[in-house]
Each structure stands twice: as C-alpha cells, then as structure tokens.
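Student: Sequence plus predicted model, see below.
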Amino acid sequence: MLERVERVTTDVIVAERLKTWIIDNQLQPGDRLPTEQQLCGELGVARHTLREGIKRLAQLGIVESRTGSGMYISNMSFDNMAEYMLFLKQRGDISVDDICNVRSVLECYVARTVALVVDDAHIRQLHVHLENMKARCDENDWENYVQEDITFHLCLADASDNQLLSGVICALRRIIRAHMSSLDRKTALNSYKQHCLIVDAIERHNPDLAAERMREHLAGIQGSYIS
C-alpha cells in the first residue's frame, strides 16, 4: 500500500531552501541575507511567500530582522527550547524534578569532562566567579548571588567546548531560575563552599571527584525549588 504524500505549503519549501542556501554558502552569525528582491528572483517566488518562509526561519531563531538594515543570521540560541520546556512545565507534562534530574546528568558530565580538558584561562574565570559569589554573600545580596551562580555553571559548560551541551544547560537553567525559592545566608554560604569544592576537583584534574562534588551540590539544592 502506497504511503500518502504529505502536503507541503510553499512557505515550508521556501524555508527549507533558504536553510540549505545558508548552509551551502557557509553564512555565519551576523552575516546579512540578500535583499528580498534578490531572494525572490533566485527562488522564483512572490515576495509574500518569501516573507512567510523567512518568518518560519525567524521563529526557529535562525534569522533576525534589523530595522532599516535587513535580515541577518542570528547568533546560536536555545531560547525557543527554553520557552517550549517552560510551557510543558506549566501544562504539567514535565515537572521540576524531571528538569533537575536531566540537569544533574548533564552537569555531572560537564564537571567530569572539564576536569580532563580545562585550561588555565577557564580556571581563572571560575575563580573570578567564585570571588564574585563570595562578595555577594558578604553583601547579603542574594538576587545577584543567584545570577553569579548561574554564570559560574554556564562558564563551566563553556569550558567543555560543546556548544550543544552549553545551550541545553542554559535553557534548563532559565526554567529552574523561575522556580528557585528565596536564599538565606546559610544556604548561600553552603552553596559557595560546594562550588569551591567543585573547582578544587577540576583544578586537580580529577574527573570522578569533580562529577561527585557536582552531584552532591545539585542534590543538596534540589529540595529548595518551588514546584
């Protein structure tokens, strides 16, 4: 029995052809797309159809419009993923525990990986973040402490040299941030000490210890999230 042929609208075809054209021409973030007139001529479509195709790419975060300047290739972003996961959480399809468990798997892997490949520059960056976290504790500035905490973990993910991993962790953190309860001095200081232990293990280039200390840190704070 023959399979039914899926009906595809012209704007979908245009979007797919544009994606192929972007890849074939090796366009990078910040590169400008040709004018609408040029694209319409190359693709053989009306301007309205082209705009609908470009709109699909914009929704995916592939291109962005700059007023009075045209369309450009966007920087890599996982914002769409974060928005969709947040929607699934709000609808009840996934829970905070689900998100935290996935985060734990990924961040323990990151700690293990970074302990093997970290360079001096990233070590210095991690120590800067630790100093900033300590300063926020001394100032009882819990809101900015949380931001420094997030920055620390994103720096750690970046040190793994895996952009997909960094992007997914960033998306998960956006959701988790919305469900964090208020910090107090005791919790923040304990968190700071745990981060110091993680960096110590990474500096020793001990992957097992780094992963274990990350696991302990994440397990200790999971109960503080608001469902």
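Tutor: Received it, and whenever you're ready, just let me know what you need. Numbers count the residues shown, from 1 in each chain.

Student: Centre of the chain to whichever strand or helix holds residue 48, how far?
Tutor: Element membership for residue 48, per DSSP states H and E: helix 47-59. Put simply, helix 47-59 sits 25 Å off its chain's centre (CA atoms, centre = their mean, to the nearest Å).

Student: Ok, stretch 85-101 next?
Tutor: Taking CA atoms, centre = their mean, the mean C-alpha location of stretch 85-101 is offset from the chain mean by 16 Å.

Student: Pull up the distance across it, start to finish.
Tutor: Distance between the boundary residues of stretch 85-101 (CA to CA, to the nearest Å) amounts to 14 Å.

Student: where does the protein have low pLDDT?
Tutor: Along the chain, segments meeting pLDDT under 70 span 1-8, 179-182, 222-227.

Student: And the strands in it, which stretches?
Tutor: Along the chain, counting by DSSP state E, strands occupy 63-66, 70-73.

Student: re earlier: what packs against the helix holding residue 48?
Tutor: helix 10-24, helix 36-43, strand 63-66 (3 or more CB pairs under 8 Å, 6 or more residues apart in numbering; DSSP states H and E). Backbone N, C-alpha and C define where each C-beta goes, glycine included.

Student: I'd like the ones you listed as CSV, with mean neighbour count and distance to residue 112 appended.
Tutor: As requested, the helices and strands packed on helix 47-59 are arranged in CSV below (neighbours: other CB atoms under 10 Å; distance: least, CB to CB, whole Å):
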stretch, mean neighbour count, distance to residue 112
helix 10-24, 15, 32
helix 36-43, 14, 46
strand 63-66, 15, 35
